[in-house]
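J.: Below is the sequence, then the predicted model.
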Amino acid sequence: MKTIYRFSGKCMLIFYISGLYQLWQLCQYGGVRRRLPGLALSAAAFLLCLILWLLSRRSKPERESGRGKRIVFLLELVIFAGATLFFGAKFVYAATPYNGALSWKLDEWRRKREVALTHDNFYESGAEGILEDLDAAFDLPETLYVTNTFEIAYDAEGKIRTIEAFLYGENDEGEKKTYLISYNAEKSSKMTVWLDGNVSAEYEEENLLEPMLTILGQVDWERQLDQWSALISDGVCEISYSGYQSFVSKAGLYEVSENGIVLESYVIEQLDAGGELCGYALTLDISEDIPSLHFILEPEYVSQSELNAEREEEQTAEAIDAESWYVDSADGTMYYFLNESRGWRLVVVDAAAGSRAYALQGTDDGGASWTEVNGDPFLGAAGVAEGLIFYDENWGIAGLGSASGSYSRLYVTWDGGESFTQIVLDMDAAEELMETTAEYRFAAQDYDYLCMPEEEDGVLTVLVTTDQIESEGVLFESADQGWTWTFAGVR
């Protein structure tokens, strides 16, 4: 018994530490099926050793005194306490958000809910039935908003097959509440709802959920699907709602009024003249073979001229804030503003085979109005604008490159853009260039790509390379606003 007493206590400590280790592995990395056998074995062995220790302790003769035995006991006690504290800290770390499997499990226990979908027929209850089930479980905010899309799929009988939605709103206490909803009838009769998630969207009217309910209530979807029954793919239809949207084509677009679908909508027909149509819209997908159908509520038409003016205003604002020249990616217009009021822009007036012809316009009122300054700033040449910069109200430089980027030219103005002069550099003066070109099999005339200049303390420096992608070449400098240029070395 004495031997059993001694060794059962030590084995009990070993299996205790082993069990803590197995439990930590489970908390940190998960994998219940993989970790559970080891954890169960350690726990069973610990209990067995504990029983043997208790039985042998009762049958053990009166304990003999001895300093060595006390030291061993204290050492075992220290190991026990140390292991407990060490793995206890590990457990706390694993439970801290995003640090371990335990943290995700705790988050699931705290935020995940299962809600029965009792209103599971779309024709009978619509989307309101879904919200009614959710409201019974969570007391939803009075005003709800949608982020991304609210999607509902249902079959020909109206049976709801899937739901995907992310809703949010403000409760009576002013707190933002979120509801990430997922439902699949093939897997469960309940909706899975994740509460109190992160959403960056604000309480903006364009994200309101109520217009979706209005559209759904004004259209007889069962009757419509009877008309389209031959087109339905796999017997499943899907509706989706993303809030306020815009459309530039009238294909598949229907206006919804109080009396249902408007068959001949004057507002939609205006899209033939360009522009866009804006409004709360719901999309219906009935087949992979035909385009989506869009049902828009109270659409508003915005003409193309209004869109152009709005876009120009946005581009001008961004150009004013830019530290250098700014290019409108839509039409290739290049802007440069000297300050919030004075600016210039190169506007494309003609284009062919990748090359463009430009006119220079100027503004003194921050882009509210523009006037033509020069109808041909590049002296008859066409290409792609490489840059535009003004150092004061009169002195500036514009760059024009080939569509392939193999060469470019620089043009300088001293009268605010009313006239330009092409910058011509004397490559024969670049003696150092002659010593290095032979190594790369380039001749002096191959250096014909003039990069936009850099300015420092009134001195302009231009790097000349063989094409747009090169970063090494010949340097030229000008200290008189680009009137004359001198060779400044090789880079």
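T.: Received it, and whenever you're ready, just let me know what you need.
J.: all helices for the stretch 351-491 of the chain, in order.
T.: 431-440 (DSSP state H, counting those that start in this stretch).
J.: So what's the residue count around residue 356?
T.: 20 (other CB atoms under 10 Å). C-betas here are computed from N, CA, C, even on glycine.
J.: how near is it to residue 402?
T.: Per CB to CB, to the nearest Å, residue 356 is found 11 Å from residue 402.
J.: Give the intersection of the neighbour lists for these two.
T.: 383-384 (CB atoms under 8 Å, 6 or more residues apart in numbering).
J.: give the contact list for residue 106.
T.: residue 95.
J.: Now do the helix or strand encompassing it: distance to the chain's middle.
T.: Here residue 106, judged by DSSP states H and E, is contained in helix 101-111. Its chain's C-alpha centre and that of helix 101-111 lie 26 Å apart, by CA atoms, centre = their mean, to the nearest Å.
J.: What's the first helix or strand after that helix?
T.: strand 112-116.
J.: And the helix or strand just after that following strand, what's buried?
T.: Reading on from strand 112-116 to the C-terminus, the next helix or strand found by DSSP H and E is helix 122-138. Going by neighbour count (16 or more other CB atoms under 10 Å), the buried part of helix 122-138 is 122-123, 125-127, 129-131, 133-134.
J.: for stretch 21-41, same thing?
T.: Buried residues in stretch 21-41 (16+ other CB under 10 Å): 21-28, 30, 35, 38-39.
J.: Next: stretch 93-111.
T.: Quick answer for stretch 93-111 (16+ other CB under 10 Å): 94-95, 100-103, 106.
J.: Out of those, flag the one nearest to residue 368.
T.: residue 103 (55.0 Å; CB to CB).
J.: In this structure the closest one contacts residue 92, no?
T.: No - the criterion here is CB atoms under 8 Å, and residue 103 misses it with residue 92 at 10.3 Å.
J.: Let me see the contact set for residue 391.
T.: Here residue 391 is in contact with 455, 481 (criterion: CB under 8 Å, 6+ apart).
J.: how far away is it from residue 323?
T.: For residue 391 relative to residue 323 (CB to CB), the value is 14 Å.
J.: and if you look at residue 400?
T.: 22 Å.
J.: quick one: which of these two has more around it?
T.: residue 400 (25 against 5).
J.: In terms of pLDDT, where does the more buried one sit?
T.: You'll see residue 400 listed with a pLDDT of 96.
J.: can you pull the contacts of it?
T.: 358, 378, 381, 383-386, 408-409, 411.
J.: How about residue 205, nearest residue that isn't a chain neighbour?
T.: residue 244 (7.3 Å; CB to CB, 6 or more residues apart in numbering).
J.: Run through the protein and note the low-pLDDT ranges.
T.: The chain contains residues with pLDDT under 70 at 1-2, 57-69, 224-235, 430-444.
J.: So it: which segments form each domain?
T.: 2-95, 110-203, 230-300, 303-422, 425-491 (automatic domain parsing).
J.: With distance to residue 212 added, can I get those in TSV?
T.: Below are the domains of the chain laid out as TSV (distance: least, CB to CB, whole Å):
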stretch	distance to residue 212
domain 2-95	38
domain 110-203	6
domain 230-300	4
domain 303-422	26
domain 425-491	50
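J.: For the stretch 151-300 of the chain, which segments count as strands?
T.: 160-170, 176-184, 190-195, 236-247, 253-257, 260-262, 276-285, 293-302 (DSSP state E, counting those that start in this stretch).
J.: Hmm, residue 285 is touching residue 291, no?
T.: No - between residue 285 and residue 291 there is no contact under CB under 8 Å: 9.0 Å.
J.: Those two: who's more crowded?
T.: residue 285 (18 against 10).
J.: List the contacts of the more buried one.
T.: Counted by CB under 8 Å, 6+ apart, residue 285 has contacts 237-240, 292-293.
J.: Go again with 7 Å.
T.: For residue 285, the contacting residues are 237-238, 292, by CB atoms under 7 Å, 6 or more residues apart in numbering.
J.: Surely residue 171 and residue 140 touch.
T.: No - counting by CB atoms under 7 Å, residue 171 stays clear of residue 140, with 8.6 Å between them.
J.: how much space between residue 17 and residue 53?
T.: 16 Å.
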